[in-house]
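Novice: Please find the sequence and the predicted model below.
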Amino acid sequence: MPLRIVNRSCGDCSACCVTLDVAELQKPAHQPCKFLRKGCSIYDARPQVCRAFDCAWLHGLYGLTGAQRPDRLGLIVWASDATIQVAETRPGASKEKAGRTVLYALARRNVHVRVHEMEPK
């Protein structure tokens, strides 16, 4: 991930705690982590995959605005090889107006975008 172009912090957002597959914790992707409370209850001892993950919003990449923080938007965006990954953190978020706006903006960048939709509960 490139250097940050804006100075953002996660704040109350914990979208990556739902999105990531964390083998060390036997946590599958797209499921809330068992250590997620009001933030990470094992933050100081969290696995390396958690420590290393930075979403695109945190860096201000792809034109994501402050209002498009993953927990608010319902989508989390990150780069993986030559693909922009987008995962729903709320079922149906990719079909909502704000979600579609982000997806269309990403698609116009002429890169491969992969969307991971959540199953409705």
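Specialist: Nice, thanks for sending it over. Residues are numbered from 1 along each chain as shown.

Novice: helix or strand right after the lengthiest helix in the chain?
Specialist: Taking residue count as the measure and DSSP state H as the definition, the longest helix of the chain comes out as helix 97-107. Reading on from helix 97-107 to the C-terminus, the next helix or strand found by DSSP states H and E is strand 112-116.

Novice: Just the residues contacting that following strand, thanks.
Specialist: In this structure, residues lying in contact with strand 112-116 by Cβ atoms under 8 Å, 6 or more residues apart in numbering are 19, 29-30, 82-88, 94, 103, 106-107. Quick note: C-beta positions are derived from backbone N, CA and C, even for glycine.

Novice: Among those residues, which ones are in helices?
Specialist: Going by DSSP H, the helices hold 19, 103, 106, 107 from the contacts of strand 112-116.

Novice: Inside strands: which ones of the contacts of strand 112-116?
Specialist: When DSSP state E is applied, the contacts of strand 112-116 are split such that 83, 84, 85, 86, 87, 88 fall in strands.
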